[in-house]
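>>> Just to be clear, the model below is a prediction. Sequence and coordinates:
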Amino acid sequence: MNIVALDCFTVNPGDLSWEEIKQFGNLTIYQRSTPKEVICRAKDADIILTNKVSINREVIASLPNLKYIGEMATGYNNIDIEACKERGITVCNIPAYSTDSVAQMVFAHLLNIAMMPDYYSSETRLGKWSSKKDFCYWDTPLMELSNKTLGIVGLGNIGKKVAEIAHAFGMDVNAFTSKPSSLLPDNIRKTTLEGLFATSDVVTLHCPLNDSTYKMINAETIAMMHQGTILINTGRGGLIDEDAVANALESQHLRAYCADVMTQEPPEANNRLIKAPHAYITPHIAWATLEARSRLMKIAVENIRKYLEGKPQNIINK
């Protein structure tokens, strides 16, 4: 059994072990693979492991031995699922491994806006506090989260965890979700998307990226939000129109934009949104805690084990 891992560096830069996967066959590990390298590197593979490398129809047609693709992430838009179905190739992903870590990042961003600890610790290092006459010093608005309204777009595992944490802070929670109201906890109010935008102090995005959600945050929907709304995106960069968000920050309609994702990753150095005022953008690291990546690896191992036993789990293309 030949197993080829095409882009391993982000999942495992060296702090995790590949030994459990090696038990299933001959494992070849590549830290990164360009599109031109994929077919050559995977030509004899029975199993491919990929995180972000594209496995399109052309690649699939060029790999006669391929039987299984392990998506080393939850999202799988980098794989041509229809072509895999036609070939009978099993595709499995890694669901729910990063729920706690991503929810944690949402509140890391939100608390940074509410109390600005990074800014004030920098100010203190520069001697600003030491130069003041009072026992305390602040020159920006500070915000208490209690009794503010959090609007969650998408109520999957991460959205539900974010709601749980929000309630611990005393926030009211609205959600735009396909789930019926009868299945929601009593402390989450189901609302329309328009109603969520209009009533939320903080809007956080946790929905998948597809045709219906592409650029769902645009000039029109931002106009529905009241001035001073905080927008958080740890979902996908394509959920927002970057220019529209940059405009809203420059006009101060949005108080802040906090994101862990961009439309293009890595973004161009001169990306307008990165340079916009009150844009706080982290480099797609919400999922990357050691604990989350350890869970990812364990699930990847178990996915392969179950597949080889004839009982595949976490199948995308049933």
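Nice, thanks for sending it over. Residues are numbered from 1 along each chain as shown.
>>> just the strands in the stretch 151-300 of the chain please.
Here the stretch 151-300 of the chain has its strands, by DSSP state E, counting those that start in this stretch, at 172-176, 188-190, 202-205, 229-233, 254-259, 279-281.
>>> Parallel or antiparallel, which strands does the last one pair with?
So that's strand 279-281. Applying DSSP bridges, strand 279-281 is found paired with strand 254-259 (parallel).
>>> How far away from the center of its chain is the partner strand?
Counting by CA atoms, centre = their mean, to the nearest Å, strand 254-259 is centred 16 Å from the centre of its parent chain.
>>> got the angle for it vs strand 229-233?
Strand 254-259 and strand 229-233 meet at an angle of 10 degrees, taking axes from the mean of the first three to the mean of the last three CA atoms, to 10 degrees as the criterion.
>>> my guess is Val173 meets Asp186, correct?
No. Assessed by CB atoms under 8 Å, Val173 is found out of contact with Asp186, at 10.8 Å. C-beta: built from backbone N, CA, C; applies to glycine.
>>> Who has more neighbours out of these two?
Counting neighbours by other CB atoms under 10 Å for Val173 and for Asp186 shows that Val173 has the greater number, 23 against 5.
>>> Surely Cys35 and Ile55 touch.
In this structure residue 35 is Pro, not Cys. No. Between Pro35 and Ile55 there is no contact, the gap being 10.2 Å when judged by CB under 8 Å.
>>> Compare those two (neighbour count), which wins?
Ile55 (25 against 11).
>>> Could I get the phi/psi values of the nearest residue to that one once chain neighbours are set aside?
Nearest non-adjacent residue to Ile55, counting by CB to CB, 6 or more residues apart in numbering: Ile79, 4.7 Å away. Taking degrees, to the nearest 10, you get phi -120, psi 130 for the backbone angles of Ile79.
>>> Number the residues from 398 up from this point.
Done: numbering now begins at 398, and the last item shifts to Ile476.
>>> Just give me the neighbour total for the residue nearest to Ile637 when sequence neighbours are not counted.
Nearest residue to Ile637, sequence neighbours excluded (CB to CB, 6+ apart): Ile614, at 4.1 Å. Ile614 has 24 neighbouring residues, counting by other CB under 10 Å.
>>> any idea how far Ile614 is from Ile555?
17 Å (CB to CB, to the nearest Å).
>>> Identify the residues contacting Arg692.
Arg692 makes contacts with Tyr494, Ser495, as judged by CB atoms under 8 Å, 6 or more residues apart in numbering.
>>> Got the domain ranges for this structure?
Dividing the chain into domains by the TED database, as the record does, gives the ranges 399-494+687-706, 495-678.
>>> what mean pLDDT does the longest one have?
If I follow you right, that is domain 495-678. The average pLDDT within domain 495-678 is 97.
>>> Compute the first-to-last residue distance for it.
19 Å (CA to CA, to the nearest Å).
>>> centre of the chain versus that domain, how much separation?
Between the centre of domain 495-678 and the centre of its chain there are 13 Å (CA atoms, centre = their mean).
>>> returning to what we had before: next, format the domains of the chain as TSV and append distance to Ile712.
Output for the domains of the chain, formatted as TSV (distance: least, CB to CB, whole Å):
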stretch	distance to Ile712
domain 399-494+687-706	6
domain 495-678	17
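>>> what's near enough to touch the residue of the chain most remote from its centre?
In the chain, the residue that sits farthest from the middle, by CA atoms, centre = their mean, is Lys530; the gap is 44.0 Å. Applying CB under 8 Å, 6+ apart to Lys530 gives no contacts.
>>> just Tyr473 next, same as before
Contact analysis of Tyr473 by CB under 8 Å, 6+ apart lists Val488, Asn490, Ile713.
>>> just those now: which is nearest Ala500?
If you rank the contacts of Tyr473 by distance to Ala500 using CB to CB, Asn490 comes first, at 19.4 Å.
>>> Asn475 versus that closest one, what's the distance?
From Asn490 across to Asn475, the span is 11 Å (CB to CB).
>>> I am finished for the moment; much appreciated.
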